Structures are given as C-alpha cells and as structure tokens.
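Enquirer: give me the fold of what follows.
(2 chains)
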Number of protein chains: 2
Amino acid sequence: MAGKKNKMVYFFGPGKADGKAEMKNLLGGKGANLAEMANLGMPVPPGFTITTEVCTYFMKHKGKYPQGLTKDVETSLKKVERIMGKKFGDSKNPLLVSVRSGARQSMPGMMETVLNVGLTTKTREGLIKLTNNPRFVYDAHRRLIQMYSDVVMEKSEGIDEPEEGMGIRQQLEREMAKMKKARGVESDTDLTADDLKELIEIYKATVKKVLGKEFPDNPYDQLWGAIRAVFLSWDGKRAVAYRKIEGIPDEWGTAVNVQTMVFGNMGDDSGTGVAFTRNPATGEKIFYGEWLPNAQGEDVVAGIRTPYPINERGKGEQNKHLPSLEKTHPKVYKQLDAIQKKLEKHYRDMQDIEFTIEQGKLWMLQCRVGKRTGGAAVRMAVDMVKERLINKEIAVMRVTPSQLDEILHPILDPKAELSAKPIAKGLPAGPGGATGRVVFTADDAVEWAKSGKDVVLVREETNPEDVEGMRAAIGILTARGGMTSHAALVARGWGKCCIVGAGQMKIDAATRKMTIEGSDIVIKEGDWLSLNGSKGFVYTGKLPMVKSAEENPYFRAFMKICNSVRTIGVRTNADTPEDAAKARAFGAEGIGLFRTEHMFYGAGSEEPLFKLRKMILANDEKERRAALKELFPHVKKDIKATMEAMAGFPVTIRLLDPPLHEFVPQTESGKKELAKALGISLDELERRSEELHETNPMLGHRGCRLGVTYPEITEMQVQAILESAVELTKAGKKVYPEIMVPVVAVDTELANQKEIIDRVYDEVRKQKNVRKINFMVGTMIEIPRAALTSNKIAAIAEFFSFGTNDLTQMGFGFSRDDIGGFMPDYLKKKILPADPFQTIDQEGIGELIKIGIERGRSTRPNLKVGICGEHGGEPASVEFCYKVGMNYVSCSPFRVPIASLAAAQAAVKDKQSKPAAKSKAKKKKSAKKKSKK
Amino acid sequence: MAGKKNKMVYFFGPGKADGKAEMKNLLGGKGANLAEMANLGMPVPPGFTITTEVCTYFMKHKGKYPQGLTKDVETSLKKVERIMGKKFGDSKNPLLVSVRSGARQSMPGMMETVLNVGLTTKTREGLIKLTNNPRFVYDAHRRLIQMYSDVVMEKSEGIDEPEEGMGIRQQLEREMAKMKKARGVESDTDLTADDLKELIEIYKATVKKVLGKEFPDNPYDQLWGAIRAVFLSWDGKRAVAYRKIEGIPDEWGTAVNVQTMVFGNMGDDSGTGVAFTRNPATGEKIFYGEWLPNAQGEDVVAGIRTPYPINERGKGEQNKHLPSLEKTHPKVYKQLDAIQKKLEKHYRDMQDIEFTIEQGKLWMLQCRVGKRTGGAAVRMAVDMVKERLINKEIAVMRVTPSQLDEILHPILDPKAELSAKPIAKGLPAGPGGATGRVVFTADDAVEWAKSGKDVVLVREETNPEDVEGMRAAIGILTARGGMTSHAALVARGWGKCCIVGAGQMKIDAATRKMTIEGSDIVIKEGDWLSLNGSKGFVYTGKLPMVKSAEENPYFRAFMKICNSVRTIGVRTNADTPEDAAKARAFGAEGIGLFRTEHMFYGAGSEEPLFKLRKMILANDEKERRAALKELFPHVKKDIKATMEAMAGFPVTIRLLDPPLHEFVPQTESGKKELAKALGISLDELERRSEELHETNPMLGHRGCRLGVTYPEITEMQVQAILESAVELTKAGKKVYPEIMVPVVAVDTELANQKEIIDRVYDEVRKQKNVRKINFMVGTMIEIPRAALTSNKIAAIAEFFSFGTNDLTQMGFGFSRDDIGGFMPDYLKKKILPADPFQTIDQEGIGELIKIGIERGRSTRPNLKVGICGEHGGEPASVEFCYKVGMNYVSCSPFRVPIASLAAAQAAVKDKQSKPAAKSKAKKKKSAKKKSKK
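Expert: Residues are numbered from 1 along each chain as shown, chains lettered A, B, ... in the order given. Here you go, the predicted model:
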C-alpha cells in the first residue's frame, strides 16, 4: 500500500462513523463494532481506528508509518475534540483517550492497551478542577505511568518481558507496596490523594533510574508512544505464539482504536455495567445484566463488590436486595433498554454490551456476540427461529457441538469445579460428570450399587469381565488405555462419565488403595471422587452436580431443526433394543452398527457368554456346531428385538468381530466351571485357551478370518438374522437387515462369506417357505488394503461402512490400547494436531477413505457408504464424512444429537461456500432418502 | 474359424514336416517339437497333428468337427502309410497309431492317450505273422481294449470318472486278476499268449455287458473315437481343475497327435531309451542316458529292471557292469549321438530325448528341454556362455531362483527324502536341510553344541533370549509363528535351516517331550530329527545330507553374469562385519538395513543387552542418559566395524525400532540381577516393566515414537554413527552412512528426528573439528499412512526404504506372529494366492508401494528408493521392485545371490517385452550407479 492513498484512519462518534460492522478485516472486531454502534445512532465515546493495513505497512517497513498518518490522526483527533468539547493536552478541559488493539479475530490479552493517555502534570490539574476529585485523578495518573512505562517504554525498547528478574512494572509495584507498608494500609484504595501524588513522583524517578529516560509528560508523545506500542505488540512473543496455535496469519495485523476516555467513577450519577440482551445462562428472553454506581469496568467483573441487578425482572436470590438501574436511573435504563433491543435486532444475535454512565450520560463502550451456556444457546436458537429473527440454517450454526454435548449429560457444577484442584488428568472418554465412592473391583461396584451407593469404579484398565461393574458404576476411571480403549468404548456407548489413561494414578487393587504420583494423596476404597468426563479432570471429594437438560423442549425443538437442515443420514451404533429406542428418540434413522458380540459382554454361567466360551474352546467342528446350536436362540433373540425396535429403518448387523481369546475366562473359577462343562481337565482348557493367545490380537484371527476358518459361526449368525427378518415381516414390520462382514482385506474373503450367506439364504427361504427376504450384504472398510482395492470389493459388497477406529489403528500403526506411551508427547510437541482416534486424520486416514469411496463407486456407482467408527459422532469428522460423499454417519446413541448437528452444520457451510452453484447439500437430499430407504 | 479354410492337419515325417517349433500355440508342444525334429531330418515316426483350432471349434460347436477334417485326416494318413509301407487296417501289414493330446503348455497326465489304435481281430493276425511274436500282439490288443473302453467308450458317453464304484477299467482289471488267480500266477507277464487271447474275449464281453455296446473292431472307428476322446478330455474334470490352478485359458484347446506306433520290444535288435544332451544332475557336458534292449518306454522309467548306460563315459557305480548302447549297437549309437548334438545346438539348450529302436532302426519319439538340478542349471548356463551357445541374458533366464537357492545350502539327500515320510509340516522359514538331536531349550542347545553334538532346537516359538541357542543349533523348529516370526527372521538372516508353525507338534518343554497330533509318535530329548527347511517337512531319524555347492566356481561365474546383467542394485541386510563381508563376497553393493538393536539379541550381564535394559527401565531422563552413556561404546563399535567392512558402499543404519518391552528380562534371575544393578526392588522392576507391556506391541511404542519421547536415544545413536564416519574417513576409508528413521507415519515425526540429527551433526563436527560429514537422512516406509503421504515425507527424507514386512502387517491387518490360525485355510481356500509375507501382495501392498514412490518422487524427483523387508530376497517381489522403479533391493546375505538373479531376470524380461522401444533396463543403469554411489 506504500504510496497508495488508502484511507488509514476511520472516525467514529455518536450517530456517525466512517466504518461499519462488515469492515472487521480492516478495522478489527472492536473498531468495526464501535463504528456500527455509532452508525446506529448510539452514544459511543468518539474516537478513531487506525487500520490493520497501517499495521502491515509498519511491520514491513520496520516500524515506519505510511506517509500522511500523523496528519490523518490529528484530523480525527480534532473531530473528537469538537464533539466532546474538550481538548487533548488542554490544562483546563483536557481530553483523555484510551489506545487499544483490535484484531480481525479476538486475541484476548495477547496485545497491549494503554488507558488515560493525555494525562500529564499539566492536564491533571484541569481534570481535578472539573471532577473535584483529586484522588481519582492522581490514581488515574499513577495507573498511566505504571501501564505506559511497561507497555510503551520498556517494550518498545525491544526489551521483551523479562522471563526472570524484574521488569519496570514489578519495580513500580514494589514502590507502591513499600508505600502501603509505610502508611500501614492494606489496600490500594486506602492510599490518599496525597499519597498517590507522592507515589507519582517516586514512579517517575524509578522510571528514570530503571529505563534511563524521563517519563513523557507531553500528551502527543504519550499518544504516539502508545500507538507504536500496540502495533509492536502484534509481533510480541505472546501474540506470535497465540497466532501459531490458533492458525491466525501473521499478515492480518491489528488495528489501533483511539477512543475518548469516559469514567463511571465520577460520583453517584456515574456508574458502569455489563449486560446481555438475553440471559446467557438460560437463554430466556430477558434483558439481563449487572452494574455498579460510581465504579470502573473492572469493579463489576472483579467480584469485590456484589454488582447490582440491571433491572427488576433480572433480580436473583443473591442480589434481590440491591437497587436496580431500572429503579435508580429510570431514564438511563430506558435509553439502555432501547439500545439493547435495537442491537439484538440489528445483529440478529444475543449481544454482550458494556456501558458507562459518566455524570448521568450513558456511553456505549462495546458490543459483541455474547457467550452463552449450551442450554442457553439451544434455547436462543429455537426462540429466534420462532421470532423469525433468524432462519433454520442460521439457528443450526448458533450452537456448537460441545454446547449441545453440555446439555446431554449431568455435569459437575462448573462453579464448584472452578475452585477445586484436579488431582489427576486423563483422557475425556465418557461425557458429563460423576461423583461417587471409589471401588477397585467390578464385583464391589455391583455390590455397593445394589446397596444404593453411587460408586466410581477405578481400574488399571477394564476388560469384558468388568462390564457388570461398569454398568453399576456412576463413573469409570482407569489408569491406562486411550480414547477407544475398552472402558472408553463401553462408557461412551452408554453415555456414561469416564476418564481413561490417568497415568499418574498408582492403583493397588489388592490393598484397595491408590496413590497419585508426585503427591502424597492416598485414596482408599469408599472415599469420594468426582470426575469431569468431558475434560478428563479427577477431583477428590463430592462436587455438586448440575442436571442435564436432555429432556427439555428446546433441545427437542432444536434437534428437529437440525434434522430438517442436514442432508446426510444419521444412524446409531446400538446393540440392544433399549439403545435403539433411545437413539430413535434422538432422531437416528437406523442402526449403522449392531455388534453381535455385544451380548457376550456379560457374566454368569447361564448367560450367552458361557455358551460362547464353550463354542470357542470346542475341540473340533462337531463340538463347535453343538455349542453354536445352544448359542443360536440368544443371538437370534437379541437381533430380532433390536430390528423390531428399529423397524422401518435399516439395521446393519456386523458378524462376530473380536479375536476369540478376548472371551476366554480369566478367573480360576470361571476356568474351572468351563472345563467342567466341556468335560475336559483344567490343564486341557488352559492349553486350548493358550493356543488362542495372540501376540498382536488386533492384527490376529478375527472378523471374517474367523468366518473363513469356522464357516459354521457365520452360518449361525446369518440364520439368526434372516429368520428374524422373515418372522418380523410376517408380523407386519418393515425391516431392512444389512449383513456386514468385518475385517475384510481382500475381496476373496468377502466372496467366501457371501457364498455362505447365499447358501443360508436359500436354506432359510426353503425352511420358512418365503420367496424373498429383503436384505443387503456389505462390508466394513477398516483395513488399509480394503480401501485400496475397494473397486474389487464393491463388486460383491452392496454397501461400505468405514470402520475408522481400526482404519486409524492400521493406517497409523497405532494400537489404540497402547498410544498412552507416546500420544501425550505427540500432542505436546505438535507432531499431531489432535488424537486421530478422536477426530479423523483427514490427511492420511481421510485419504484412504477418499480412495475407498472413489474406487468403490467406480465399480458400483450407487454404493451406499457410511461410517460406524467412534468418529461418526465427532463434529469435524462428521463434516469430513459429508464432504467425501458418505450417505450417513453412525454413532453411539448419546452422540446422535451431536452428529445430527454436525451434519446440519456441514450442509449449511457447504451451501454458504457455494452460493451460486448448486450445492452438494441439495444434491444429497436423494442420498439421504436412500439411506432411510 | 467356422467356414474359414485354415489348415487343420499338419503332417510330419522323417526329413519333412508342415509345422515347426515356433507353432506351439497351434500344434501344441509335442506336435511342434515332432515337426521340428522331422524338419531337421531326424527319423521321427511319421504322423500328423490336428490343430488346437479344431479343438476350439469342436468345443464351441458341441462336438462337431469343422468341415473337411475327415478328408484332411485321411489324406495325411495316406502319406504316413506311404512312408511306412504299411496300411491302416490292413490284415497283412497293418499300420498302428498312437493318438495323444498335446497342449500349448504341458499338462502332464491331465488328458487322454490311446495307443495301438488300428489293432483289430483282423489286423492282429498280420502283425503276428510280421513279428512272429503272438504274445506281444495279444498283449497290445488287450491293452488297447482296456485303454480305449475307458477313455473313449465310457468317457465319451459323458460319464466322467466315477468317484466311487467301478468304472470299466476297474472291471477289466478285475477280470485280469481273476485269470491270474486261476492260472496261479503273480505278474501280468506270466500270462501266456493263449491266456491273453482268452482274456481279450472276456474283455469284449465285459465291455458289452457294462457299457451296453460292442468294442469297435473297425480301425477307423477306433481312430475317430480316440480323436474325439482326446478333444473331449480338454474339458474333463481333471484338466479343467488343472487349468484353473495353473491359470491356463480354456480357449487354448489341445492339439491331437496321431503317430505311427513303433515298438522297442520286438526282440534283441529292438530297444528303447531316454537320454540327456548333458548330465542333468551335474551339468557336465557329456551325453548321458539310459536304455533297455527289447523293452517299452515305461520299462526304462518304471525301475523294475536296472536300465543300461547309454555310453561308456556315462557309466556309474550302479551300472558299470551293464552293456552300453555304444558298445552293443555302435551304429545306432553313433546316429543317436549325432542327433543329440544337432538337437542341442539347434535348441541351444540341454534336451531330454526319447528314442526307440525297432528291429535295428532308430526312431526319435520326443525331444524337449530337459529338467535339471540347481547345480546343473548353473553349470550349463556358465558353460554355454563360454561355448558361445547362448548369451548372458539367456544364461540368466536358464536358472530359476529356487535352483540357485538349492545349491546355496546343504540339503537333505533328495533320494533319501523320497522314501521317508514327514511326521509334520510347517512353513519353510530357513533354507536347506538339517539333521540333529532334539533339544527343547536354548540353554540345552548351547550346552549340547559345546560338547560337539548337532542339535535341532524345538520351541513353541522363539524370542530374543533364545538367540544363543538358535545360533548353536543346526536347525530350528517351532510350533508357532509365520514366515516372518522371530525364529524365521533370525534363521533366514543366518541362512540357517528353520521350520516354523508346525502346529501339529504338541511340545511339553517341562518333560522334554513332544507328540504329534493325530499320531502316537513321541519325540524325546536327544532323538534324531531331520528338517527340510526349503519345503517345511520334518522327519524322524537321521537323513543323509548333500553338501552345498556354494563355493563352486560355476556358482561364482554365474553370479558374475547376473551382476553384469541386472540394472538395479542389490544390498544386504547385515548387522555384523561378518555378515557384511559374506554378502559382499556374494556381490552385495552396500547394506540396506543395519539394525541397531541386533547387538542386544544376546545375553549375560556384561553384555550390551544388560546395559540396554538398564536404559529401558530407567526411572527418568537422568538415569536413562547415564545408561545410554554406558551403552554408547558398544553401539559405536558395532556400527563402525560394519561400516568399515562395507567401506566403499552405502550403509543404511536404522535407528532403534522394536518396542522396549521386547528387551525386558523374562527370567527370575535376569530380573533380580537387573533390579540389583538399578538399585531398586524386584517389585519396582516388575512394576516398571509391566508399564512397558503392550496389548499390540506391533502397533505400540516403537521406532521413531521412541525417538520422539526419548530424544536422548536418537542422539546417542546418531552420535555413534557420525563419529564412526569421521574416524573411518580420517583412516582413509570411504563411508556413506544413511541414517534411517523407522516407523514414521507422519512427516512431522521425521522432522522431529531430523532436528535431533542436525543438532548432533553440529555437535560432532565441532567436537571432531571437521567441516562436513557425508551422510543422508531417510526413512522407512512401513506404515500405510506414510506411503499415502510420502509427498510430504519426501520433503525431509533423502531416501525411502520400504519395510514391506510391516507394510504388509498393517496393510492387511495381519500380525505375522498370529497368522498361523488362518493362513493355512486362506491358502487352501485360495483366498490368497500366496502368503503375503513370502511374496509381495502386488495388488494391495504393491499399490501402497507404487503410491509411496510416485508421491515421494513428485516432491523429490531423485529420491533414492529401496526395499529392506524380507521380500527383498524373494524373486517375484524383486521383479516387482524393479518394475515400480526402485533403485535397489536389500536382503539377508544368503539371499543376495537369489536377489541378484531375480533382478537380472527382471531386466531381461523387461528388455524382451520392449524390443523396439528403449527398455527400462537401459534407463536404469544410471540408477544402479547412483545407488552404488
């Protein structure tokens, strides 16, 4: 821009501004919003914004300003003086200004601010006369020196914050502490006007001594020093680091806002406050806020004085005795209320506003989109659609997935959590919060829970035998395992609070105690623990809980909006009729993953698990077939009930997947019982189960590999599925079973299993005397080789379901159970931007998915494609699935709302990015219908 | 061809033929060679070939012949009659013919043959008069009925071989048995002419009764029936199954050869023999063969009579007392010798010939390329190049990799093996043979070997602690594990005989016994076992061994030829100076994989392993650094010595790869010793090592993941490498270390390690006061994600080495240690054509390799690419590596010759497939030079 005459300084003042809200890139967020409010005729303290382009120039030219800036700033300053009737540097009626940064995107606390610029030995005298408040003026002067010497003088010298040792700010603070000690007072506010006047001289001397130069007593020197310091702070250490993390480009630059200072602490006709156009905690449509008379902004937020309610309606328990602005300053309140209404209508979103009343006059200092709780976000989105303030697509974008998640689970009270200190941190494996008594075994969990106690089950790691205990527990905590470890998978499936891989815990289950590494905390059985499963924090004691809003009507209305906006299907991973029903209530349109093996994760000799074990440890095919026959009714019952619960929608049933050794009994008594039932010695049982042991079970004899070596296992399952389908159809239900063959690496594996399925199909038709059974045969794509050769696999498979857990394991060569050793380092050292088991690695694993879909559809253009890994409920992954053209995503019942929201947001984003052309969202409508059948 | 007038029948006779050797597709192998011999003026019994096109027509038109065939056959038959002076169907001087199949590619025993066609009640009388040998004639007639009724009458009725029950052949055989019983004789030959005459009538009656029609007594009916039967046999069950296995297209069809019968059993002036133009066992250039007077072809091969030597020079121990053809029939011998010389010169390869002498006249019945042993193949190739019979490229194609392998290792005497029965079968993991006494522990192996005993170490599976015992053993046998299990890898690296995964063995190490499932064999410690490591067979007892020809001059000359023909580099995987030297002697041009961890596969507290364990179980970085300091001299010593042994060539050193838990001591005493050395309790040691335990170690904390979490481990290794390089360079050696970072999945991992390497580089340069050290930094591509994102990885890596073992494990999701449960089924059911750990799966894993190379070179066009998995020594994989453009392959020292041969063959094939255009082979010359540096 060198030489070009781009406008460098944008003026704003009551009723008029050069800029507007849309000019965030040029004016920064703060400057643009101030301009917008000014344009709306609101009482904004006048000022001006120096553009981000000036910053860019400044950076490129090593601290030089573009030609003409000085003049432009002076012109704008003159305008401000005119409006305020004050003069910058005037000894009688001086104008003071603030100098603040303001980037395109908020970078809270990363850059510099200087207040009270223009206050000098000369101007302060005028101000004292005007305000008749010497203490206020000296204090302001003292603050200026403290802030300016640090921000402008020390830093613009190129001395960045000293990491150790003392900067000028600390040295000045020490001087103040000395004076307080000398005066025998505790608080800054106890220092008198004279004290402060004396302190100002001490400050100046210290600045001279430490920094080797005089504190500038000229207002213009102060102004340009402050502007320079703000620009320089764009390249300060903190800001650069922050930008790197947030991915903000260096070339954006910051704007500088120079604005008239107004003071809420100039007497009882002054005051300051913060307000929201709706209640940010509940979303209720009431003007909600707090204020304090005769106070500065920080007083309201600092929490030293209890702030007053802004109006009568917003009064709560803790402040109902305090006077509201509505009562004490009805005229100002009326003006403010009108402004807030106008702002919300204008911005079409809840606004967070800051205001100051200076001697009876209302000034608007800030307005921005207000932060809100999950519950409030949902309610506001729903309400605003009803009010026709926004449309459904905008509503969908107003709630983040984590806000939605927030309201799905009971959580630890955030306030209580603020003042508690975590004793350990693990991976946030199951959502929500939990508080209960510690037990160290699954049996204890069951027993204690029976006697009505809330328990937290603490284990080194969990295995299928712990499942009863996990179900009984209110929360689960393990020392080992990753986001997709057994404990995490099971807990998430139930929507149960769970933290895994809290490696600092040293558990001694034998003595029922655990210690925390690096501390002397000892936790015994029965002690209270509280878990924040959404963040992975563990606390001692019993923290209060906040109820989930799961059943609230706004949530349901919001889900309807999401479901109407999204264009791809959302299914659920469900293994029981209960889960299916729950997910259906959340809007799931079918089951994307029914795991046959689920029913075996229980215990007791009468149970299916026992029969499964007999099958697994059978000595030959004959014994195995006999055991399978016993198993058959259990398998069929589960499948049939689940298909019935999901009638009208497709149900994808995955054939037996895990390596058999996973089901072998581990306890002595379990082994004995089984040996007896099989009529073999314990030694023989040990031998047989030892034979099943594998070095790397994840890469072992599992999935379709079992079906190939033991065709009878596949036969039994297919028979159960097809018989269920026939019986349900005869009972008038519409069912669409989809048989899914897992762990396929080669098309011939699927061909082998398809042959068995076809054979059983013929048998069932004959036996049940029906002409046709409606079903599909497909496969999971979870092995890299399958993705690469999907063109051949799609010749047999009618659908693909991407198993992204295993695809990630094999694509990365990461065992999800074993990443604890290095994943923390990988995240810390930024080797990976995120745990790929939490969000799909789009670059690598995503490439496999893209290849898989592309090649698959090259063979079978109408191939139905979905995802059923844990990623199916993770927002960024859902968006990815949408982009690569999947027909649906599938996730655990509790993630269905999140997935629906993410799918809706993906559709909206897609539409927004292609305003002219026909969007993918539109084209996908048909895909969605197809997936629903 | 319907309607078109393609020639359907090709005549051949002494000195003249319509066809020639090149017409194999049309005439089949047999017909083409007969025509070729005829054209060379050799005495071939005249006949004619009906083309494969007729077969195709016949198949397509449901058993109809093309128009004009009958006439063409009759014309050719007339020609034959003229030459032989005999007439088909003549009662005085009858012509008999054989009718045989002959496909483009040999399908031994899969199709039909009918001999003595033309023999009828009428013609046999003439023959008896002519031969004066009624028994011979009746026997021929009896054979005709037996063969014809089965092949022509039963099968052409569409009744394929009855699987159970009795076919006509069996029923006739039963009649013959009855007669032998009645006559009280044992052998067929004990039946007299009259017996046979009577038997013929019984045969005819049985045919009538069983098949419901008369046996044809008309020569033309017989001829056309036989032709039809041969054509039909192309679509017989056996032939179709064989074609499916061998990948022979159905549309090739077979030719039919009708040829004059000649008889070697017509008295002492008749005879028959088989001969080779060179010795097929040794390769020596002498005419070598066997014959028998007054005999038919099968008598020579059946082994009932000891055949006579063909000449004096070829006499051996077992037949030196028997008369040679050279002595007894000098004229015929001279003619035969001239023919064989001419044939070898003509075909430029050793020929296997069959001849018959009928009443003093020599007839040539067959000539084809002769089968030979590995040693013979090598010698012939070398000799023929010297004789200028063939060029080097042809020589290279004359030896198969398995023939070369054969001569590299001592093997069980093939003859002894023929008569022994394997008691178990496993995977052929280490080449050659071994015979020794069984021990069940590594310690026993060491001890017994010290006392001079040859031992076979039998283990459930092996682990690093067994290495000493494995080294001491002469052969290794395990019940579990696949082709790339620990035992297999170690054994193959040493070229040691090894069989793994022999699952039938039930080992009880405690009682030092094992049993074989499904048998009552018990093998105790000290019993003799013999292993065929090239086939995976296990025998009881001590089978004799045959010495390897490794050091023979022909082998060395042949390797020189291969090395001069191949165009890509061959390196070795070597971890010691000894291995490096051995491989170098075999022609290796560098080390493609030096595994740092190799030196730790030993035992004893003074050893590096112990120091490594101290490092692994260190409690913090400080302890770890101290242990690394102790380890450093060991690591450096090994690296330096190996680099020195390979001076002049590049050495790729892979940084520490395996998961640390692999090195944790397993024995009580080992643990105690280590605990003491670390100054911690046994409990604490157990706890630390338990922490390292992983569910799926293959996908766990290994490779660069260790280097990321423990940078000091990488530092130590890099320091050792670079210091070695400096010191060797100062000593005048040319060294080219290539530092290889393993298990990279993400480019940022490599960037992280590269930073460490660069830092250590600067430190070593400073410390050693040198300006520059010659080295490269690269990575293994062994994780699917790395292959897919190789464009980013190549921005950092200067070379790629494909780790195809792990790439196969992760690409397939197959743990090489755990495939035993399903791989046998997969191969049996043809789900996989081969074990992908033995030969690269070109479709899937090959796709990853192709993508990896293509994307890598898109970023860095001169990227050096090699392979260092076990596949680097497997011929089909080597050819694949050549095709995808790798610069070199690397394999264990004993595989270097195989890899060189395979590389040479790949280059020749490539050149042959592109005769006109510039071949890849030519373009690659530069690549080879580059890889050699």
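
Enquirer: and chain B, is the biggest helix by length in chain A touching that?
Expert: Among the segments of chain A that qualify as a helix by DSSP state H, the longest is helix A:621-645. No - counting by Cβ under 8 Å from any Cβ of the partner chain, no contacts exist between helix A:621-645 and chain B, the nearest distance being 12.6 Å. All C-beta spots, glycine's among them, are computed from the backbone N, C-alpha and C.

Enquirer: got a list of contacts for that helix?
Expert: Counting by Cβ atoms under 8 Å, 6 or more residues apart in numbering or on different chains, helix A:621-645 makes contact with A:574-578, A:580-581, A:584, A:591, A:594, A:596, A:598-599, A:608, A:611-612, A:614-615, A:618, A:651, A:653, A:678, A:710, A:712-713, A:716-717, A:719-721, A:723-725, A:727-728, A:733, A:735, A:737, all of which sit outside it.

Enquirer: check which element follows that helix along the chain.
Expert: Toward the C-terminus, helix A:621-645 is succeeded by strand A:650-654 as the next helix or strand (DSSP states H and E).

Enquirer: elements contacting that following strand?
Expert: In terms of contacts (3 or more Cβ pairs under 8 Å, 6 or more residues apart in numbering or on different chains; DSSP states H and E), strand A:650-654 is packed against strand A:591-595, helix A:621-645, strand A:736-741, strand A:776-781.

Enquirer: let's see 7 Å
Expert: Judged by 3 or more Cβ pairs under 7 Å, 6 or more residues apart in numbering or on different chains; DSSP states H and E, strand A:650-654 is in contact with strand A:591-595, helix A:621-645, strand A:736-741.

Enquirer: low-confidence stretches in the stretch 151-300 of chain A?
Expert: For the stretch 151-300 of chain A, residues meeting the criterion pLDDT under 70 lie at A:156-165, A:298-300.

Enquirer: repeat for the stretch 451-600 of chain A
Expert: Across the stretch 451-600 of chain A, the stretches falling below the confidence threshold (pLDDT under 70) are A:483-484, A:493, A:495, A:547-551.

Enquirer: the strands in it, which residues?
Expert: Applying DSSP state E, counting those that start in this stretch to the stretch 451-600 of chain A gives strands spanning A:455-459, A:475-478, A:497-500, A:505-508, A:513-516, A:522-524, A:528-532, A:537-540, A:545-546, A:569-573, A:591-595.

Enquirer: strands paired with the fourth one, and their directions?
Expert: Applying DSSP bridges, strand A:505-508 is found paired with strand A:513-516 (antiparallel).

Enquirer: hang on, the earlier thing: buried ones among the contacts of helix A:621-645?
Expert: Taking 16 or more other Cβ atoms under 10 Å in any protein chain shown as the criterion, what is buried in those is A:574-577, A:580-581, A:584, A:591, A:594, A:596, A:598-599, A:608, A:611-612, A:614-615, A:618, A:651, A:653, A:678, A:710, A:712-713, A:716-717, A:719-721, A:723-725, A:727-728, A:733, A:735, A:737.

Enquirer: just give me the neighbour total for residue A:505.
Expert: 23 (other Cβ atoms under 10 Å in any protein chain shown).

Enquirer: got the contact list for the closest residue to residue A:847 other than its chain neighbours?
Expert: Counting by Cβ to Cβ, 6 or more residues apart in numbering or on different chains, the nearest residue to residue A:847 once its immediate chain neighbours are dropped is residue B:788, at 4.8 Å. Contacts for residue B:788 were tallied using Cβ atoms under 7 Å, 6 or more residues apart in numbering or on different chains; they are A:844, A:847, A:848, B:851.

Enquirer: what about residue A:262, how many neighbours?
Expert: Taking other Cβ under 10 Å as the criterion, the count of residues near residue A:262 is 22.

Enquirer: correction: the previous question concerned residue A:62.
Expert: Neighbouring residues of residue A:62 were enumerated by other Cβ under 10 Å; the total is 6.

Enquirer: need the residues of the stretch 551-700 of chain A near chain B, please.
Expert: A:694, A:695, A:696, A:697, A:698, A:699, A:700 (Cβ under 7 Å from any Cβ of the partner chain).

Enquirer: the first one touches residue A:662, doesn't it?
Expert: No - the pair residue A:694 and residue A:662 does not pass the contact test of Cβ atoms under 7 Å, sitting 9.7 Å apart.

Enquirer: show me the contacts for residue A:578.
Expert: Taking Cβ under 7 Å, 6+ apart, one finds nothing in contact with residue A:578.

Enquirer: try 10 Å this time
Expert: A:641, A:642, A:645, A:893 (Cβ atoms under 10 Å, 6 or more residues apart in numbering or on different chains).

Enquirer: try residue A:863
Expert: For residue A:863, the residues meeting the contact criterion (Cβ under 10 Å, 6+ apart) are A:778, A:790, A:793, A:794, A:797, A:798, A:799, A:800, A:853, A:856, A:857, A:887.

Enquirer: any idea how far it lies from residue B:573?
Expert: Distance, residue A:863 to residue B:573, by Cβ to Cβ, to the nearest Å: 42 Å.

Enquirer: count residues in the vicinity of residue A:61, would you?
Expert: Close neighbours of residue A:61, defined as other Cβ under 10 Å, add up to 11.

Enquirer: okay, and which of the contacts of helix A:621-645 map to helices?
Expert: Among those, the members falling in helices (DSSP H) are A:577-578, A:580-581, A:584, A:608, A:611-612, A:614-615, A:678, A:712-713, A:716-717, A:719-721, A:723-725, A:727-728.

Enquirer: leaving aside the residues next to it on the chain, what's closest to the spatially most central residue of chain A?
Expert: Relative to the mean C-alpha position of chain A, the nearest C-alpha, by Cα atoms, centre = their mean, is the one of residue A:402, at 4.2 Å. If you skip the residues right next to it in sequence, residue A:402 has residue A:374 as its closest partner in space, 7.5 Å away by Cβ to Cβ, 6+ apart.
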